[in-house]
Every structure is written in C-alpha cells, then in structure tokens.
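Asks: build me a structure from this.
(one chain, ligands or ions: 1)
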Amino acid sequence: MTLEQLIPAPAHAEAVPGSSFIAGPATTLWAGPGTESTERWLRATLGAALGLPLTPGAEGLGDSGSSGISLLVDASLEPEAYRLTVDEARVEIRGGAAPGVFWGAQTLRQLFGPDAFRRAPLRPGTPYSLPACVIEDAPRFGWRGMMLDVARHFMPKDGVLRYLDLLAAHKLNVFHFHLTDDQGWRVEIKRHPRLTEAGSWRARSKWGHRNSPLWEERPHGGFYTQDDIREIVAYADSLHITVVPEIDVPGHSQAAISAYPHLGNTDVVDTRALTVWDTWGVSKNVLAPTEDVLRFYEGVFEEILDLFPSTFVHIGGDECPKDQWKASAAAQARIKELGVDGEDGLQSWFIRHFDTWLTARGRRLIGWDEILEGGLAEGAAVSSWRGYRGGIAAAKAGHDVVMCPEQHVYLDHRQDGGPDEPMPIGFVRTLEDVYRFEPVPAELTEEEAAHVLGTQANVWTEVMENQDRVDYQVFPRLAAFCEVAWRRLPAPVERDFAGFERRMTAHYARLDALGVDYRPPGGPLP
Ligand code: TNX
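Replies: The predicted structure follows:
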C-alpha cells in the first residue's frame, strides 16, 4: 500500500527515510486518555481482520524492544485533525480530540491494505509492513453526512449498523436517518403504538409501470424498536458519528395519518379509509393544522429527543402539497384565526412551533429548504436540496446550511446514461459529477460561507428494495463524496479526477474486502 492510495486523500502525506514498521503478533497497542473508542475499534476491526492480538503496550514502548501502536490526544491539533507517524519501531496517532484519533485510525487501516477490511484473517500470521511516513490531516467541514431513507424501503438494524461502519471508513460523521414518510413509519413511539403497528407496513409498492420489476405485489415493512434505536445511536457514537433523526412534517405523513386518522384533514377526506401509501411520489394527505396534531407530534418528538442526543433534529418540511388545506374549511378558519399568510403561512406556523419547542429543549431544528417559504424561524438550519438556491438564501439570512443539492449528491439518481444501467432513475450523476461537486457556492462572502456547516449525500430508496441495491447506488459515489466533504483544497478548488480514479483502484479492493456491492467501474457486469 502506498501513501498515494488513500481515500479521502490526506492534506499532507510524506514518506520519510527509514525502515518500514512490521506489524505482527508481538505488536502492542497503547491508548492514552480519551482514546478508548479508537482502541476498542482497532481491536475489533484491524485486530480481527489481520489476526493481530494488539496486546496492551507501554507508552513509548520503554525498553521492551517490541514494536507498537500508540494513540494519544494532542490538544494543539484541531479536534478532528490527526497526525499519523510511522517509523521502524512504532506507529503513533495523535488527534486533537477523540474524533481526530479515530480518523487517524481509519487512515492507518488503509495503510495496512485491503486485508485490513476483512472480518477475519485471510492469511493468519502474515506480517504486514507499513511505510515509514508522516501524515497530517484535518477535515474541511464539520458536517460530513449521508442521509438514508428507510421509509420507502426498510433497512433492518444490522444493515444500518453496517452502513455506519461504511460511513466511518469514509470519515463521514453525520447519519441523517429519514425515519418517516408517506410509505412507512419506522420508529417505535411508545405513546402512539399504532404508528408502527399500522404505519410500518404497506400492502404493495407501486413503483413505475405495472410490468416493471420495481412493482412489488407483496407487503413491505418493518420498524426499529426503541432498543434498536438506542443500539444504533450508541454504535454510531462509538464511531464518532452523530445520528440526526428526521420526522417529516407536515407533508410526507400519510403513514402516520393512516394509523391515526384524526391527524389528517378529516373534513375533506375520509382519513379512516387511508392505508400506508403504496405509490411512489408525494401524497396529498398532509397533517391538519390543529392544536391536537401539535400535541400528538410533541409527544412523538419527546420520545425522539430521549432516543437521539444530537443537537439537530430534522423536521422534514419538504414537499407539502397545500391542496387539502385549500379545500378544508377547518384549515381556512385556522389561517384566519392564526393570522398567517395563507397556506404557506400554515406551513411556517408548523415549523415555527417545533422550532420554539426544540429550542426550549436545547436542540436545534433543521429542515429541507421549503421551510424557507413563508419565513424561516430564527436559529433554524436548512438542508438545501433543490439546488444551491435555498442554501444561498439561508446563508445570506444568517442561517446555517447543509448543502445537498439533488443535482450533485442524490445517490438515487442513475450513475450512467447507458441502456444497461440497472436502476435508470432520475438524471445521470456520474462518479466524476459527484467528485466535482463544490458545496460552497461562489456567491457567498466569506462570512456567509461560514454558515455552510457542510454537506451530505442523500440516499432515497424508492427503487432500492434491499441492501445490494443500496450498495450499488451508493458506491463508488460515496467515495467521491467523502473527498468533497473531507478534503481541504486551496481556493479556487480544483479537483483532479484522474488522480482520484487512480486512487480508486486501491479503494475498490477495500470495498471488495468489506463486501460492498458497488457499481463496477465501466458499468454493470453482463
Ligand atoms: C425529493 S429531497 C424528495 C424525496 C424523494 C426524492 C427522490 C426531498 C426533501 N424530497 O421525498 O425521495 O426527491 O429523488
């Protein structure tokens, strides 16, 4: 493995004169205060993959003559920055704080080569050699995320845990968990059990044409118990990943309304007849703008806050069709009573209510860029998905932004325009397109650009009914995305795609060892 094959490429990597470090059964592991999460992770992954016992060692190795890996916090570095040094006797990872040490360990794993990505040793007893080197690295953004939609297609808990591993391997640190939508409710809420009892299964999935393989005439569903969620959040935390939960309001709510019909606009539709939606698209069945609905969702969010310690809580806010509010006498009366500006005003009334509610509990609201319509609540942050426009407007108004424009980082969209592309959805977004994505638009001043917290890739799963398909759409594009999110490049940012492709040859071997079902370079195999 050479220093030129790391993904994401580090800010600085230099081979230094001297012999390689040889890792084997005698290699020790010393973990300084604050580095325990990385110590555990190294034993569980690197140790297990390479058959290295990594017995506890001494700091600096003393005179034992054995060679070892040392982990330490060095507060002179930024919290997520690390310095990795390798010489004949030792490997040292210094991080500014626990996350920096952990990202350094991710780089170390890549230096060991693809075997380090297996779950068990392929060649027990093989010594592995690392080149003598110095690597210094730090991320560009603090929010490096992936959103996974588990509402359109459910991903069982073990699959989610596996995705967290994959995120960490790409130095991504935010997992945006899209837990509810028209087509399914995926998180147990104790005080409203029907949300999962009734709202987590649909009878069929009418994606595309009736004859299309994506039309599934079979039930689909599933949900996470609160214990599952606790396990997911704790596991993410051990990988220095924050889980940001999303409960989508006031649109994308048909699954909830089908479970609790009073949540809907009962004067315009018989919501008792609704089922979990079985069609791809945006349902017109949206929440009714009543105090009752607010109380119901406060109950939901109370349980969500107990489960998810993340500062940010995503409330959706996207694509809320206003048809029913227009037709509903009750909704029109609410508009008058609240003195809001028509249906858009109702939408912001919803969002503002939960902004105040979350802020009072020490959390911050984030929502899709539609929450800008009709006035954005103070302190709220925006996920800019309909291009850069919403993000630019939000940053200029002093709001924080996560850039995730569909034109660049929607990984549900097809990766190639060829006729054999197995999931020909949306517009073509190639590996190179993702690689060339620049999250900070030139229109922003330096001060406004500081509001760009970072970026995330969004994985909507209408056409991905299982993990293999998710893998195929997400990889290799997530590898390109992680460079965009992680790598600091001098302005104006120039991206060397040919260089990235060369580094990808090593990365495909890592993905193979991890068992990732990526789209092969050059296209699907015949
Ligand atoms: C738009 S992005 C949506 C999703 C769809 C996606 C398909 C956003 C906030 N809403 O509900 O799944 O397009 O690409």
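Asks: quick one: contacts for Arg363?
Replies: Taking Cβ atoms under 8 Å, 6 or more residues apart in numbering as the contact definition, Arg363 lies against 305, 310-313. Any C-beta I mention is one placed from the backbone N, CA and C, and that applies to glycine too.
Asks: turn the residues you listed into TSV, including pLDDT and secondary structure.
Replies: Below are the contacts of Arg363 laid out as TSV (pLDDT from 0 to 100; DSSP: H, G, I helix; E, B strand; the rest coil):
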residue	pLDDT	secondary structure
Leu305	98	helix
Ser310	98	coil
Thr311	97	coil
Phe312	98	strand
Val313	98	strand
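Asks: kindly reformat those residues as a markdown table containing distance to Gly142 and neighbour count.
Replies: Compiled in a markdown table, those are given as follows (distance: Cβ to Cβ, whole Å; neighbours: other Cβ atoms under 10 Å):
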| residue | distance to Gly142 | neighbour count |
| --- | --- | --- |
| Leu305 | 22 | 17 |
| Ser310 | 13 | 23 |
| Thr311 | 12 | 13 |
| Phe312 | 12 | 23 |
| Val313 | 17 | 22 |
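Asks: for the stretch 201-350 of the chain, which segments count as helices?
Replies: Counting by DSSP state H, counting those that start in this stretch, the stretch 201-350 of the chain forms helices over residues 226-238, 254-259, 291-307, 323-327, 329-338, 342-360, given from the N-terminal end onward.
Asks: what's the local residue count around the residue nearest to Ser67 when sequence neighbours are not counted?
Replies: Leaving out its chain neighbours, the residue that sits closest to Ser67 by Cβ to Cβ, 6 or more residues apart in numbering is Ala89, at 5.3 Å. Neighbourhood size, Ala89 [other Cβ atoms under 10 Å]: 15.
Asks: wait, Ala89 touches Ile69, no?
Replies: No. Under the criterion of Cβ atoms under 8 Å, Ala89 is not in contact with Ile69, lying 10.9 Å apart.
Asks: got the contact list for stretch 106-115?
Replies: 1, 3, 5-7, 10, 23, 42, 45-46, 49-50, 69, 82, 84, 86, 91, 93, 116-117, 121-123, 126, 128, 130-131, 133, 135, 137, 168-169, 171, 506, 509-510, 512-513.
Asks: quick one: the residue nearest to Ser67 from Gly18, how far?
Replies: As for Ala89, its distance to Gly18 is 10 Å (criterion: Cβ to Cβ, to the nearest Å).
Asks: repeat for Thr45
Replies: The spacing between Thr45 and Gly18, counted by Cβ to Cβ, is 27 Å.
Asks: can you check Asp468 too?
Replies: Asp468 sits at a distance of 44 Å from Gly18 (criterion: Cβ to Cβ).
Asks: so for the closest residue to the ligand within the stretch 351-500 of the chain, what's the pLDDT?
Replies: Checking the stretch 351-500 of the chain residue by residue against the ligand with Cβ to the nearest ligand atom singles out Trp460 as nearest, at 3.4 Å. pLDDT for Trp460: 97.
Asks: who are the contact partners of it?
Replies: Trp460 sits in contact with 149, 152, 178, 410, 412, where contact means Cβ under 8 Å, 6+ apart.
Asks: within reach of the ligand, which of the residues you listed are there?
Replies: Cross-checking the contacts of Trp460 against the ligand (Cβ under 6 Å from any ligand atom) gives 410, 412 as the overlapping residues.
Asks: distance of the residue of the stretch 351-500 of the chain closest to the ligand from Leu84?
Replies: When distance is defined by Cβ to Cβ, Trp460 is 36 Å away from Leu84.
Asks: do Ala273 as well
Replies: The spacing between Ala273 and Leu84, counted by Cβ to Cβ, is 61 Å.
Asks: among the two, which residue is more densely surrounded?
Replies: When neighbours are counted by other Cβ under 10 Å, Ala273 and Leu84 differ, and Leu84 comes out ahead with 24 against 8.
Asks: looking at this, the more buried one is in a strand?
Replies: Yes. With the criterion set as DSSP: H, G, I helix; E, B strand; the rest coil, the secondary structure at Leu84 is a strand.
Asks: for the nearest residue to it once chain neighbours are set aside, what are its contacts?
Replies: Nearest non-adjacent residue to Leu84, counting by Cβ to Cβ, 6+ apart: Ile135, 4.3 Å away. Shown in contact with Ile135 (Cβ under 8 Å, 6+ apart): 3, 6, 10, 12-14, 82-85, 104, 107.
Asks: in a markdown table, list those along with distance to Lys157 and pLDDT.
Replies: Formatted as a markdown table, the entries for those read as follows, by distance: Cβ to Cβ, whole Å; pLDDT from 0 to 100:
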| residue | distance to Lys157 | pLDDT |
| --- | --- | --- |
| Leu3 | 37 | 91 |
| Leu6 | 31 | 97 |
| Pro10 | 33 | 97 |
| His12 | 39 | 96 |
| Ala13 | 37 | 97 |
| Glu14 | 42 | 97 |
| Tyr82 | 30 | 98 |
| Arg83 | 36 | 98 |
| Leu84 | 33 | 98 |
| Thr85 | 38 | 97 |
| Gly104 | 29 | 98 |
| Thr107 | 29 | 98 |
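Asks: so which of those comes closest to Trp201?
Replies: Lowest distance from Trp201 to those (Cβ to Cβ) belongs to Thr107, with 42.9 Å.
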